[in-house]
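Novice: Next one to model:
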Amino acid sequence: MAITMHSYGLTWTDPDGTPRASGVSYDQASADHRRDELEASGATDVAIVPVTPGERLQPKG
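Specialist: Purely as a prediction, here's the structure:
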């Protein structure tokens, strides 16, 4: 049985209103953890987004 790796990036808005996107990809558990960290720091509109290998997310906006 093959194991399929899924990668995720994050987009969010900083408390000062600046849109941001992660420069790295995460597995699901790590993405969930990072989302929690961002929300605890006051970030809004935090979204976990599936990405393909080599894909670089762009900030919303």
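
Novice: In contact with the residue nearest the centre of the chain, which residues?
Specialist: Nearest to the geometric centre of the chain sits Leu10, at 1.3 Å (CA atoms, centre = their mean). For Leu10, the contact set (CB atoms under 8 Å, 6 or more residues apart in numbering) comprises Ala21, Ser22, Tyr26, Ala31, Arg34, Arg35, Leu38, Val46, Ala47, Ile48, Val49, Leu57. C-beta: built from backbone N, CA, C; applies to glycine.

Novice: Lowest pLDDT pick from those?
Specialist: Within the contacts of Leu10, pLDDT reaches its minimum at Leu57, with 90.

Novice: low-confidence ranges in the protein?
Specialist: Flagging of the chain using pLDDT under 70 yields an empty set of residue ranges.

Novice: What ranges does this structure have for its strands?
Specialist: 7-13, 19-21, 44-51 (DSSP state E).

Novice: Export those strands as JSON lines, with columns for distance to Gly61.
Specialist: Compiled in JSON lines, the strands of the chain are given as follows (distance: least, CB to CB, whole Å):
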{"stretch": "strand 7-13", "distance to Gly61": "8"}
{"stretch": "strand 19-21", "distance to Gly61": "4"}
{"stretch": "strand 44-51", "distance to Gly61": "10"}
